[in-house]
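Student: next come a sequence and a model predicted from it.
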Amino acid sequence: MKIEINENKVDIDQSKTSAQDLQVDAAVIFVEEDSKEIQNIAKKAQVDMRKEEFNGKLDKTATLSTHNQLKAKNIIMIGLGKKEKITRESMRRAASIAAKRVMDAKYEAVSIDVENISLDFTDVIEAVAEGFLLSMYSFDKYKPEKGFSLKRLILSSRQDIGKNIEKSVILTEQVIMVRNIVNTPASDMTPRVFTGIATTYCKKYGIKIRIIKRAEAKKLGFNAFLAVARGSMEEPYFLVAEWNKGVKNRIALVGKGITFDSGGLDIKPADYMLGMHGDMEGAAVVLSSMITAVRFKLPVHVIGIMPLTENMPSGSSYKPGDIIRAYNGKTIEVINTDAEGRVILSDALAFVEKNYNPEAIIDFATLTGACVVALGSEAAGLMGNDEKLMSKIKTASEKTDERVWQLPLWDDYKELVKSDVADVRNTGKEKGAGAITGAAFLEAFVKDTPWAHLDIAGVTMMEKNKYYMSKGSTGWGVRLVYQLLKDWKK
């Protein structure tokens with residue numbers, strides 16, 4: 001099996017031989033705190049290791065040269081901490097630490113021991129593979145020297161783990177797809193370019209795609225979407241993707257696709273504008289999640305809605321004070337042109353509900369800085385109109401450790417987005433609860449369908465590497481959607 005990361009292909013194999021008995025540059029072995037295995041390994045490598053040097057505490061490491069006493073040239077021991085505290089997420093993080101050591105040392109062949117760990121065996125394999133592979137990613141598309149060395153990765157286990165590895169490789173590839181799309185600078189990832197990528201992948205995987213351009217969008221009544229698009233010289237595209245039509249469980253995924261957000265006429269300060277090429281991660285997650293559903297043959301009918309445009313200032317930009325009639329006939333008072341994501345999503349939500357009658361609608365949007373203030377980069381904000389749907393999302397997030405935190409959406413908050421001159425206003429009447437009033441606005445465009453909104457503003461971009469979450473786009477949400485759709489019938 002192969003995986004391509006940073007334009008470098010890595011062969012991934014399984015061996016029933018122990019990791020340290022394979023001819024590799026390094027063998028990675030995970031050890032629990034105060035485990036006897038630490039001294040056993042050191043003895044085999046003929047190394048005198050004192051307890052104070054390394055005792056398996058969480059996130060601690062030790063690299064030993066085997067001095068040709070073992071087939072592996074080096075052994076990298078990664079501490080897991082107390083065995084009763086080992087989780088899937090701690091295994092991902094431990095694998096991430098191992099990957100960083102491997103990359104720093106520029107090893108070309110590495111083996112990893114995935115046995116003898118106090119955790120469900122399947123969880124160990126998948127967590128280790130995901131954590132290790134995702135940690136090797138870096139966005140170096142524009143750098144002449146890639147600095148990548150790993151050519152071969154061997155997972156050592158006496159049991160067959162082929163299917164588990166395959167699952168982890170597919171999920172890693174789909175997360176990396178999001179990272180590559182989102183990390184690309186806005187001038188090179190316009191709505192037209194994104195549409196071209198979506199078209200290519202949809203054709204490859206048998207996903208039906210409808211590309212709605214400006215003229216058709218106007219006829220359909222996508223006035224909110226087109227209002228935001230007015231200020232940009234780049235053409236907007238409204239994508240509708242569909243797969244597995246005819247299957248009973250029909251789920252709609254909607255993703256915010258602002259390929260660059262300047263704030264419009266209510267322009268952002270320079271520091272806040274710098275990362276706004278990432279304001280389309282919701283759309284990227286929807287596209288990649290649909291491909292994931294196809295690759296795993298998940299038993300659901302999936303519709304993906306991706307409204308794509310820039311939000312730019314110009315003489316033709318939509319203005320504060322404008323009143324727009326959205327697709328479902330409701331009117332929107334524009335208070336601030338920088339609250340544009342919810343404006344384009346209003347048409348997307350109303351459109352998918354009316355035309356596809358889905359069992360559930362889930363939207364993904366880098367919607368508010370307020371959610372970042374509330375939850376930081378540790379969790380996405382979850383709101384919606386259906387507790388059963390939100391419970392499913394929370395259950396899936398617990399399995400993938402892409403954490404969500406439910407915020408209230410009481411009627412009092414909905415009062416804050418009522419307008420004196422229109423049906424709704426695109427910002428709340430008060431300064432507080434910005435993430436919640438954003439969701440309250442969106443709910444006005446969902447009539448009867450169970451709906452959940454994920455404000456992913458805090459979890460999608462990292463300023464520096466953090467375990468397997470790389471600097472830049474994290475690709476957050478793809479693994480969660482996979483788990484959610486996989487378990488949907490349950």
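Tutor: Looks like it came in fine.
Student: how far does the lowest-mean-pLDDT helix or strand in the chain sit from the chain's center?
Tutor: When each helix and strand of the chain is scored by mean pLDDT, DSSP states H and E, helix 37-44 comes last, with a mean of 82. Centroid separation for helix 37-44 versus its chain: 39 Å, with C-alpha atoms, centre = their mean, to the nearest Å.
Student: first-to-last residue distance for stretch 1-21?
Tutor: Stretch 1-21 has an end-to-end distance of 21 Å (C-alpha to C-alpha, to the nearest Å).
Student: how far is that stretch from where the chain is centred?
Tutor: Offset of stretch 1-21 from its chain centre (C-alpha atoms, centre = their mean): 24 Å.
Student: circling back to that earlier point, buried set for the least confident helix or strand of the chain?
Tutor: Buried positions in helix 37-44, judged by neighbour count with 16 or more other C-beta atoms under 10 Å: 37-38, 41-42, 44. Where C-beta positions appear, they are placed from N, C-alpha and C, glycine not excepted.
Student: could I get the CA-only coordinates of stretch 115-124 as PDB?
Tutor: Presented in PDB, the C-alpha positions along stretch 115-124 are these (Å, rounded to 0.1, in the frame of the first residue of the first chain):
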ATOM      1  CA  GLU A 115       1.200  -4.600  20.100                       C
ATOM      2  CA  ASN A 116       1.300  -5.000  23.900                       C
ATOM      3  CA  ILE A 117      -0.500  -1.700  24.600                       C
ATOM      4  CA  SER A 118      -3.300  -1.400  27.200                       C
ATOM      5  CA  LEU A 119      -6.000  -0.300  24.700                       C
ATOM      6  CA  ASP A 120      -8.300  -2.000  22.200                       C
ATOM      7  CA  PHE A 121      -6.100  -3.400  19.500                       C
ATOM      8  CA  THR A 122      -8.000  -1.900  16.600                       C
ATOM      9  CA  ASP A 123      -8.000   1.500  18.200                       C
ATOM     10  CA  VAL A 124      -4.200   1.200  18.600                       C
END
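Student: quick one: average pLDDT of it?
Tutor: For stretch 115-124, mean pLDDT rounds to 92.
Student: do stretch 473-480 as well
Tutor: Computed over stretch 473-480, the average pLDDT equals 98.
Student: contacts for that stretch next, please.
Tutor: 130, 134, 139, 171, 174-179, 181-183, 278, 281, 284-285, 288-289, 292, 364, 380, 393, 396-397, 400, 402, 404, 454, 456, 459-462, 469 (C-beta atoms under 8 Å, 6 or more residues apart in numbering).
Student: can you tell me which of those residues end up in strands?
Tutor: Of these, the ones assigned to strands by DSSP state E are 364, 380, 404, 454, 461-462.
Student: hmm, back to that, can you redo the buried residues of helix 37-44 as a markdown table with distance to Thr63?
Tutor: Formatted as a markdown table, the buried residues of helix 37-44 follow (distance: C-beta to C-beta, whole Å):
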| residue | distance to Thr63 |
| --- | --- |
| Glu37 | 16 |
| Ile38 | 13 |
| Ile41 | 12 |
| Ala42 | 12 |
| Lys44 | 15 |
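Student: and the helix ranked longest in the chain, how far out from the chain's middle?
Tutor: Looking across the chain with DSSP state H, the single longest helix is helix 162-183. Centroid separation for helix 162-183 versus its chain: 10 Å, with C-alpha atoms, centre = their mean.
Student: hey, which strand is longest across the chain?
Tutor: In the chain, assigned by DSSP E, the strand with the most residues is strand 301-311.
Student: would you list the strands that the helix or strand following that one pairs with, along with their directions?
Tutor: Of the helices and strands lying after strand 301-311 in sequence (DSSP states H and E), the nearest is strand 323-325. If you go by DSSP bridges, strand 323-325 pairs up with strand 331-333 (antiparallel).
Student: what's the average pLDDT for the partner strand?
Tutor: On average, the pLDDT along strand 331-333 is 98.
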